[in-house]
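> Give the three-dimensional model of this entry:
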Amino acid sequence: MLPMLGHCRRIALLVCIASITAGCEERLSTSELARIESVMTPGMTIMAVTTNGPIIIRAKSPLRRTYAFESRTLAVTMTPRAERWYGSLGLYSPGFSLGLWPRSGIYRAVVEEGQQHFNTSAEALQWLKERSWMPFVYRNDGLVVGWGTTPQRHQLNAEVWQFYVQHQKPVSLDGAQDAKVTIERKPGAT
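Sure, this is the predicted structure:
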């Protein structure tokens with residue numbers, strides 16, 4: 001009976017955390033949401049194909065995302081950054097895990113989304129080169145997607161960035177593969 005009690009406590013804790021984070025968006029004012037340098041808007045879907053294969057990322061709301069990859073889908077409520085972190089004032093999720101279930105496979109999402117600002121296109125490409133551990137694909141307009149998994153940590157790692165060069169989206173980036181990163185928007189979505 002005691003092992004079950006521990007299991008029940010973990011479930012209760014998970015339900016508490018879920019209920020707290022579920023209301024996070026509703027507690028953010030319009031001005032707080034406007035301050036976030038996110039990439040995606042509600043109703044937007046990004047489909048990307050990297051060397052790790054395809055991934056589909058959907059924005060369900062200003063802070064909620066789903067990541068579909070390798071026949072799995074993970075749902076995440078992102079946290080807005082309070083201050084810049086390596087240039088980004090966007091969204092992130094550190095991959096919360098209470099060790100409940102599933103006990104195998106990928107069930108944690110360590111994800112980031114935001115804008116990166118550069119003075120030149122060369123700086124933007126250097127930024128990508130310095131992050132060679134992440135297999136990125138990107139478009140000429142500066143939309144960047146990368147993803148991979150860390151099986152021993154049961155973890156999805158995914159990043160979505162919008163590059164800006166001198167406060168503008170670029171029109172051309174060397175090495176861009178526009179066909180590998182596509183966007184769909186639901187009718188009426190911004």
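> Secondary structure class of P54, three-state.
strand (DSSP: H, G, I helix; E, B strand; the rest coil).
> ok, what's across the strand from it?
Listed by DSSP bridges, the beta-bridge partners for P54 are V49.
> That one and F69 touch, don't they?
Yes. The pair P54 and F69 qualifies as a contact (Cβ atoms under 8 Å) at a distance of 7.1 Å. C-beta: built from backbone N, CA, C; applies to glycine.
> Quick one: neighbours of the closest residue in space to L89 that isn't next to it in sequence, just the number.
Nearest non-adjacent residue to L89, counting by Cβ to Cβ, 6 or more residues apart in numbering: E37, 4.5 Å away. Neighbour count for E37, taken as other Cβ atoms under 10 Å: 20.
> ok, E37 touching G87?
No. With contact defined as Cβ under 8 Å, E37 does not reach G87; the gap is 9.7 Å.
> hang on, the earlier thing: among P54 and F69, which residue is more densely surrounded?
Higher neighbour count among P54 and F69: F69, with 21 against 13, using other Cβ under 10 Å.
> which residues does the closest residue to that one other than its chain neighbours contact?
Leaving aside its chain neighbours, F69 sits nearest to I55 (4.5 Å; criterion: Cβ to Cβ, 6+ apart). Counting by Cβ atoms under 8 Å, 6 or more residues apart in numbering, I55 makes contact with M47, A48, V49, Y67, A68, F69, V145, W147, A158.
> again with V145
By Cβ under 8 Å, 6+ apart, the residues touching V145 are 46, 48, 50, 55, 57, 136-138, 158-161, 181.
> Let's see which of these end up in strands.
Using DSSP state E, the members of the contacts of V145 that fall within strands are 46, 48, 50, 55, 57, 136-138, 158-161, 181.
> Dump those to JSON lines, plus pLDDT.
As requested, these are exported to JSON lines (pLDDT from 0 to 100):
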{"residue": "I46", "pLDDT": "98"}
{"residue": "A48", "pLDDT": "98"}
{"residue": "T50", "pLDDT": "98"}
{"residue": "I55", "pLDDT": "98"}
{"residue": "I57", "pLDDT": "98"}
{"residue": "F136", "pLDDT": "98"}
{"residue": "V137", "pLDDT": "98"}
{"residue": "Y138", "pLDDT": "98"}
{"residue": "A158", "pLDDT": "97"}
{"residue": "E159", "pLDDT": "98"}
{"residue": "V160", "pLDDT": "98"}
{"residue": "W161", "pLDDT": "98"}
{"residue": "V181", "pLDDT": "98"}
